[in-house]
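>>> whatever this is, show me its structure:
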Amino acid sequence: MKLTNKYNLPAPMVAALEADEYDNGGSDITATSLWKPPYMVDLQKKHPGIEVDASDLLGSLLGVGFHAVMSRYDNQAISEKRLFAHIEGVNLSGQFDRLILEEGILQDYKVTSVARFKHQLVESEWENQLNTYAMLLRRHGVEVKALQIVAFLRDWHKASSQRSLDYPPLPVQVVTINLWDAEEAEARIAERVNLHKNPTPCTPEDQWYKAPKVAVMKDGRKTAVKLFDNQGEAEAFIANAKDSKQLYIETRRGSYLRCEEYCSVASVCPHWQSLKGEE
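Sure thing, here's the model as predicted:
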């Protein structure tokens with residue numbers, strides 16, 4: 001990876017990002033990469049010199065700092081330990097954040113946004129990652145009884161917590177994650193390893209695809225009155241509305257959010273370039 005600094009960020013920030021001390025211990029794949037799209041991970045390996053701007057990595061810098069502080073002052077648990085296991089001929093490793101050995105509780109720290117936190121409560125990314133750590137611990141003779149995420153919400157606002165019932169009440173949230181049984185974990189992780197051995201182009205789910213929408217808009221209003229999947233439904237809604245003369249239709253294009261904003265190898269991805277050409 002070649003780091004650029006297009007926005008002239010302060011030198012210490014850029015230096016800290018350049019001095020990334022992450023070490024996968026020589027493994028073929030890590031617990032984090034295992035659950036990323038295989039095609040994306042494969043391209044990252046094939047293009048190690050691709051340019052990435054420092055501004056795109058600031059979130060990771062916050063995460064590294066948070067992890068370092070938590071580990072420094074933790075004298076009650078085992079922290080930051082990397083484990084290895086051979087799965088389907090592949091050397092897999094994972095470095096868990098915190099293990100409370102006596103209680104069998106495995107915790108993982110996350111520095112994230114409120115929106116991302118709420119999204120992950122119904123998605124599987126964190127669940128997949130923590131269960132991979134739990135599998136590695138089982139293979140080393142440690143039985144995990146519970147999984148927890150300790151999330152620090154970097155954009156949390158006290159006023160928002162007082163206005164909304166579904167807004168996190170505190171900037172730090174500890175949530176329990178679903179724990180797979182040993183047999184299920186072994187099967188799911190083996191299946192995932194095999195996907196990385198033979199990567200195929202990302203699926204719409206991998207690309208965080210959002211289908212096109214037809215929005216019914218109203219004069220003087222910035223947000224949509226209602227969203228529809230097709231033009232006919234939107235037209236029928238307007239025809240039956242009392243204020244139909246003030247309503248109009250706006251078409252919103254579909255999007256591939258990960259490809260457009262969150263993939264470091266999008267510029268060298270033939271699948272994404274082909275999709276852009278079709279659009």
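>>> residue 82 should be in a strand, yeah?
Yes. With the criterion set as DSSP: H, G, I helix; E, B strand; the rest coil, the secondary structure at residue 82 is a strand.
>>> the closest residue in space to it that isn't next to it in sequence: neighbour count?
For residue 82, ignoring the flanking residues on the chain, the nearest one in space by Cβ to Cβ, 6 or more residues apart in numbering is residue 95 at 4.1 Å. C-betas here are computed from N, CA, C, even on glycine. Under the neighbour criterion other Cβ atoms under 10 Å, residue 95 is assigned a count of 19.
>>> can I take it that residue 95 is in a helix?
No. Going by three-state DSSP, the assignment for residue 95 is strand, not a helix.
>>> list the contacts for residue 83?
Neighbour list for residue 83: 93-96, 133, 136-137, 139-140 [criterion: Cβ atoms under 8 Å, 6 or more residues apart in numbering].
>>> rerun that using 10 Å as the cut-off
Going by Cβ atoms under 10 Å, 6 or more residues apart in numbering, residue 83 touches 25, 27, 31, 92-96, 132-133, 135-137, 139-140, 142.
>>> same check, this time on residue 67
Taking Cβ under 10 Å, 6+ apart as the contact definition, residue 67 lies against 79-80, 95, 97-98, 108-111.
>>> so which of the residues you listed is the closest to residue 73?
Using Cβ to Cβ, residue 79 is the member of those that lies nearest residue 73, at 10.1 Å.
>>> thought that closest one was touching residue 106?
No. Using Cβ atoms under 10 Å as the test, residue 79 is too far from residue 106 to be in contact (11.1 Å).
>>> so those two - more neighbours on which side?
residue 106 (26 against 18).
>>> leaving out sequence neighbours, find the closest residue to that one.
residue 144 (4.9 Å).
>>> got phi/psi on the one you found?
Listed backbone geometry of residue 144 is phi -90, psi 130, with angles given as degrees, to the nearest 10.
>>> distance check, it against residue 135.
In this structure, residue 144 lies at 9 Å from residue 135, with Cβ to Cβ, to the nearest Å as the measure.
>>> now for those two: what residues contact both?
Any residue near both residue 144 and residue 135 by Cβ under 10 Å, 6+ apart counts here, and that gives 182, 185.
>>> more neighbours: which of those two?
Between residue 144 and residue 135, residue 135 has the larger neighbour count (other Cβ under 10 Å), namely 25 against 21.
>>> quick one: that one is in a strand?
No. Counting by three-state DSSP, residue 135 falls outside a strand, being helix.
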